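**Q** compute the structure for the input listed below.
(one chain, ligands or ions: 1)
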Amino acid sequence: MAVLVTGGAGYVGSHTVLALLDAGEKVFVIDDLSSGERSAVPIKAQFVHGDAGDPEMVRRLLRIYGIDAVVHMAGSGSVEESVRNPLKHYRNNTEIARTVMEACVSEGVRHFVFSSTAAVYGDAEGCREDSVLSPVSPFGKSKLMAEAMLRDTAAAHSIRYAALRCFNAAGADPAGRAGQGARSGGLIEVACEAAAGKRLFVPVFGTDYDTPDGTCVRDYIHVSDLADIHRLALERLRQGGSSFAVNCGYGRGRSVREVIETVKKVSGVDFAVKVHPRRAGDVGKSVADCGMLFGDLGWRPSRDNLAKIVSHSLEWERNSSRLPARPAMHPEKLQKDQAGSATDLTPREHQVMQQLSKGLQNKIIAANLGVSEHTVKIHLHHIIRKLGATNRTGAAAIYLERLPDFFQRSNGAPSGFRNH
Ligand SMILES: O=c1ccn([C@@H]2O[C@H](COP(=O)(O)OP(=O)(O)O[C@H]3O[C@H](CO)[C@H](O)[C@H](O)[C@H]3O)[C@@H](O)[C@H]2O)c(=O)[nH]1
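**A** Here you go, the predicted structure:
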């Protein structure tokens, strides 16, 4: 028996691979490394650098290595990016899931654990598995479509599945074997980067939500606990359990401000915080009802403690030499003829501003863009002049204010911006 983990080089993926290996499983990982890291795949797992959307490759893997179960985690997981680039998410989350399911059916793989998301519920607190599914973002919709395909596939073929509706994964492996991937960018990671001196400030996206302190509320779950639920779900399917969908959280809501305060307290660093407008696709509240997880599945968390989650994340951040995540949005090509005025920035200047407005320092921007710090300084000098600002903070504020105009001038849609 062997398990194939798609997306096993990613953040939740690499922790899940560890949980499976710790349980004595033989694990194969397929990952195209578009957002995951090769170094995140434990040495004991067999790594295949490839696209889970390649049906031939997946079928070959399943056949040659006698794989009896697939944990499908490959996909794109940014709510905000899915609003800007929905087709990327429908490909990576819906189409690729279909391809992997088809390969499983044709190769006789009977167990399928699918990493779904809390975003299938939309804005909701105390969501139960049988609650109304009303996703707001293309990300949530793309995962919900995959869930629907799984249900239909399981009804037609001898495959059973577990759809794990993951709430907000955070933290890092307590033994320090894995941590937040290079490009996950979740709130706790961002705040820990600020505490570790890798960011100048933490942006708070929206303070006018209908929540106790006006900031968004999420159900944060330790990534190693989430990984353990994936392991348990597979065990249940192998024991003959029928297909199910289950919430993976702790059933406890924490606001953005509460999280930031906890990171400050645990780290002892009073980093700067700046209020920004709401982020596209965000919902006010997303908190699980864990009746099924704790009851029917009989799972018990080992790390249900926000300070502990933060301390593991912080430890990883302080010990890892890696730089902060590259921003997902990547302006590459802004047509000159659509620009036209003195305030327009070159594509490279947009790249610099994208990073600057996330609070990154010059040396980190330089490393992310593959240029020298001196070049970043020169770009900033031009940008500050073009935007009519007096310093970098002023330029960042003006840039964020004018971002919608830049989009409009590149044909009313962010088509001049490319993700990577
Ligand atoms: O720098 C930041 C980062 C985030 N936030 C806020 O913090 C909250 C949590 O945001 P995250 O980016 O950490 O997580 P999301 O809730 O957007 O999404 C996460 O949880 C989802 C489950 O609903 C999916 O699993 C998804 O892949 C994962 O990124 C949101 O209100 C967001 O606006 C900030 O204020 N500043």
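
**Q** strands of the stretch 251-400 of the chain, start to end?
**A** In the stretch 251-400 of the chain, the strands defined using DSSP state E, counting those that start in this stretch lie at 254-255, 272-276, 285-288, 329-331.

**Q** deepest of those, which one?
**A** Most buried of these by mean neighbour count (mean count of other Cβ atoms under 10 Å) is strand 285-288; its value is a mean of 24. Just so you know, the C-beta spots here come from the backbone N, C-alpha and C atoms, and that holds for glycine as well.

**Q** that one close to the ligand?
**A** Yes. Judged by Cβ under 6 Å from any ligand atom, strand 285-288 comes into contact with the ligand through S286.

**Q** so which residues on this protein come close to the ligand?
**A** So the chain meets the ligand at 77, 79, 117-119, 166-168, 186-187, 190, 202-205, 216, 218, 256, 279, 282, 286 (Cβ under 6 Å from any ligand atom).

**Q** now, those that are in helices?
**A** V79, L187, V190, V256 (DSSP state H).

**Q** now do the contacts for the last one.
**A** Contact criterion Cβ atoms under 8 Å, 6 or more residues apart in numbering gives L187, V204, F205, T215, C216 as the residues in contact with V256.

**Q** ok, 10 Å please
**A** 187, 191, 202-207, 209, 211, 213-218, 273, 282 (Cβ atoms under 10 Å, 6 or more residues apart in numbering).

**Q** check the second one too.
**A** When contacts are counted by Cβ under 10 Å, 6+ apart, L187 is found next to 168, 170, 202-205, 215-216, 218, 220, 254, 256, 259-260, 263.

**Q** swap in D213?
**A** Neighbour list for D213: T207, S255, V256, R257, E258 [criterion: Cβ under 10 Å, 6+ apart].

**Q** quick check: the second one touching D219?
**A** Think S255. No. Between S255 and D219 there is no contact under Cβ atoms under 10 Å: 11.5 Å.

**Q** which neighbours do those two share?
**A** With Cβ under 10 Å, 6+ apart, S255 and D219 have common neighbours K285.

**Q** for A118, which non-adjacent residue is closest in space?
**A** Distance criterion Cβ to Cβ, 6 or more residues apart in numbering; nearest residue to A118, sequence neighbours excluded, is F167 at 4.4 Å.

**Q** the one you found contacts H222, doesn't it?
**A** No. If you go by Cβ under 10 Å, F167 and H222 don't touch, sitting 11.0 Å apart.

**Q** who touches both of the two?
**A** With Cβ under 10 Å, 6+ apart, F167 and H222 have common neighbours Y250.
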